[in-house]
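>>> with the input below, show me the fold.
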Amino acid sequence: METEQRVDRERAIWKVLPLHPQPQPLESFTSYLIRLAEANGLQSIRELVALVGSPQRRRESLYNSPDYPAPSFYAGLAHITGCPEERLLPTTFHFLIRRFGRSTYPHALHQFLRKSLASSLRYCPACLAECDPPSYSLLWRFLVLPGCTEHGVRLLDQCAHCGSLLPLLTSPPQLARCPTCQGDLRTCQQTRLSDEILQPTHRHTQDLKMLLSSLQRPLEEAQAKTIGKQCMAFRQRQGFLITEVANLSGQELSVIMDIEQGSSLKKASLDDYMRYADALSCSLLEVFDTDRHQELLVPLSEEQTLKQVEAAIQQLKRQSGPITARTIRNLVGISTSRLRCYPQVDSLLTECLKGQARQGVLMKNQREEELVKLVEQAIEYLRARGSRVSQQRIADLLGMTRSALMVYPRVKAQLRQIAYNGPPHDLLRKVQDAIEQAQALGTSLTHRSISEQIGISLGTLRGDPQARAIIQRAQNESRQQRENALVNRVEHAIAQLLLRGEKPSLPKVSQIVGRNYASLYHRPQIRELFLFLR
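Below is the predicted model of the structure:
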């Protein structure tokens, strides 16, 4: 028994690296891997991955998501380093994405951080020079940070010695040297940040430190909605409409609404949240401090809500947009049912919507009056030129469709009065041409479709006996052609069944030709075919 335990201990020793330094605060996962490999004399990260024993799929996740590989990768790394998984997670984006209520799977993280991360290493030479051994900060991955606030200098995104981009995972593993020219990154020349840039950089740095840190307490079940409520509360307390925040941040209105509503669509990215906070001149640290700003979640007073609704109505008027409950709700970010709870707001909305309706009716009446005059002018113009007056020609002259003109009752009455006043033979020729065109295109042969095609009223067409007879004859011929074609298809189906050695039946034939059983049964010609087969 003692021998077996000793053998197990010896085997375990070979599975653990000789040196296993622990991650530094805010050190990136890639930095820790490189530092681990470098300390143990490994020649490449692949050797370290092989020791972890990760399958091919997990190895690919490390290179596709360098600072957030598949969660199963941590267990193997924890085993060979003695570093618990709880200490490895802060080297990744795990806690950041959880704070926003997003999925912790790599694909969801890529979507959320799609505009926020640098694809290659960015570094502060002063930070590298101060640390022994040096390490890379996870903060340097974020493009929102132009520099290091600790030293007040810009982050470099390439080797200052040779100008090469620096990969996140270098080969051979070395933290302070350029893999291309072997230049010492700690000696690269630095550029100071201006005071104007330093202030927002400091705010964003503090935000990211909070977002990347371990969670001190369980998150809300609907975390995204909780954060959305906080964002909306900050906006409302500052008196901004949703459109104003969208303009200030340069974002689409749908993104702002997604942030505030914590939508399941999850269009908003980390970059969108940061731009939202910048537009309100607040930090995400303040937004996430739900305890300190608990009073923000108290609903606005009726007076505050009334001011926001009034501002939304004024903006819609300036933009000549439709003033509806929906457009007001979208601008204010408060549901219509909540707005209606306040008597003064409800009264304002009711009066405003009634006024909008009256304005709409007035505008429609004015438009109708204009069109009545335009139709009269079009009729006079066509008669003066000796042209045939038709509904279609009038619509063409006005640049509108006949259906659009028919919306207005008085205009519709005008058009209905227009009768064909040309030679009878000309009308018959046009009807015949319309029939031939419909037959060629395979479209329906109805009085309405023909009247619309030749541009005369339906009543005028039906009132001409000769035109009506031509259309009736064409409809009968078309119907007979369809019947003959169907009989031919049935005969062909019967022949198919006989060739296959099957007895033809109406249900089988109906399946082959794709027609309803009853539809075939009620046709005498088809019933006769089956009587003949008995």
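>>> show me where the protein has its strands.
For the chain, the strands defined by DSSP state E cover 147-148, 153-154.
>>> take those strands and lay them out in TSV including mean neighbour count, distance to Ala467 and mean pLDDT.
In short, each C-beta sits where N, CA and C put it, glycine included. Output for the strands of the chain, formatted as TSV (neighbours: other Cβ atoms under 10 Å; distance: least, Cβ to Cβ, whole Å; pLDDT from 0 to 100):
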stretch	mean neighbour count	distance to Ala467	mean pLDDT
strand 147-148	24	83	95
strand 153-154	19	84	95
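>>> what comes up buried for stretch 203-222?
Judged by neighbour count using 16 or more other Cβ atoms under 10 Å, the buried positions of stretch 203-222 are Arg203, His204, Thr205, Asp207, Leu208, Met210, Leu211, Leu212.
>>> what about the fourth one, distance to Arg367?
Distance of Asp207 to Arg367, given as Cβ to Cβ, to the nearest Å: 53 Å.
>>> follow-up on the earlier one: which of the buried residues of stretch 203-222 fall in helices?
Arg203, His204, Thr205, Asp207, Leu208, Met210, Leu211, Leu212 (DSSP state H).
>>> and the first one, how close does it get to Cys282?
Taking Cβ to Cβ as the measure, Arg203 falls 9 Å from Cys282.
>>> can you tell me the closest non-neighbouring residue to the residue most central in space within the chain?
Residue closest to the average C-alpha location in the chain (Cα atoms, centre = their mean): Lys267, at 6.1 Å. Ranked by Cβ to Cβ, 6 or more residues apart in numbering and with sequence neighbours excluded, the top spatial neighbour of Lys267 is Asp258, at 4.5 Å.
>>> follow-up on the earlier one: among the buried residues of stretch 203-222, which pair sits farthest apart?
The most widely separated members of these are Arg203 and Leu212, with 15.2 Å between them, by Cβ to Cβ.
>>> tell me, how many residues neighbour the residue nearest to Lys267?
By the measure other Cβ atoms under 10 Å, the count of residues near Asp258 is 21.
>>> that one reaches Tyr273, doesn't it?
No - proximity of Asp258 to Tyr273 does not meet the contact threshold set by Cβ atoms under 8 Å, at 10.2 Å.
>>> any weak-confidence spans in the stretch 1-150 of the chain?
1-16, 54-59 (pLDDT under 70).
>>> gap between Val52 and Ala70?
Remark: distance between Val52 and Ala70 (Cβ to Cβ) = 11 Å.
>>> looking at the two, which is more packed in?
Val52 (22 against 18).
>>> let me see the contact set for that one.
When the contact criterion is Cβ atoms under 8 Å, 6 or more residues apart in numbering, the partners of Val52 are Phe73, Gly76, Leu77, His79, Ile80.
>>> let's see it at 7 Å
Going by Cβ atoms under 7 Å, 6 or more residues apart in numbering, Val52 touches Phe73, Gly76, Leu77, Ile80.
>>> still on that earlier bit, look up phi and psi at the residue nearest to the centre of the chain.
Dihedral pair for Lys267: phi -80, psi -30, per degrees, to the nearest 10.
>>> Arg99 contacts Leu211, doesn't it?
Yes - contact between Arg99 and Leu211 holds when scored by Cβ atoms under 7 Å: they sit 5.6 Å apart.
>>> okay, the buried residues of stretch 203-222 in a markdown table with pLDDT and distance to Gln43 next?
Putting these into a markdown table (pLDDT from 0 to 100; distance: Cβ to Cβ, whole Å) gives the following:
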| residue | pLDDT | distance to Gln43 |
| --- | --- | --- |
| Arg203 | 93 | 42 |
| His204 | 95 | 37 |
| Thr205 | 95 | 35 |
| Asp207 | 94 | 39 |
| Leu208 | 95 | 33 |
| Met210 | 93 | 38 |
| Leu211 | 93 | 35 |
| Leu212 | 93 | 31 |
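>>> give the other helices and strands that the helix ranked longest in the chain contacts.
Identified as the longest helix of the chain according to DSSP H is helix 343-384. Other elements packing on helix 343-384 under the criterion 3 or more Cβ pairs under 7 Å, 6 or more residues apart in numbering; DSSP states H and E are helix 302-318, helix 325-332, helix 391-398, helix 409-417.
>>> 10 Å - rerun?
Under the contact criterion of 3 or more Cβ pairs under 10 Å, 6 or more residues apart in numbering; DSSP states H and E, helix 343-384 touches helix 302-318, helix 325-332, helix 336-339, helix 391-398, helix 402-405, helix 409-417.
>>> leaving out sequence neighbours, find the closest residue to Leu331.
Excluding the flanking residues, the one nearest Leu331 by Cβ to Cβ, 6+ apart is Ala312, at 3.9 Å.
>>> residues near that neighbour, how many?
By other Cβ under 10 Å, 23 other residues sit near Ala312.
>>> dump the residue contacts of it.
If you count contacts by Cβ atoms under 10 Å, 6 or more residues apart in numbering, Ala312 has them with 241-243, 323, 327-334, 352.
>>> turn the residues you listed into TSV, columns for pLDDT.
Supplementary listing: the contacts of Ala312 in TSV, determined by pLDDT from 0 to 100:
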residue	pLDDT
Leu241	84
Ile242	84
Thr243	84
Ile323	75
Thr327	77
Ile328	79
Arg329	75
Asn330	72
Leu331	76
Val332	78
Gly333	74
Ile334	74
Cys352	78
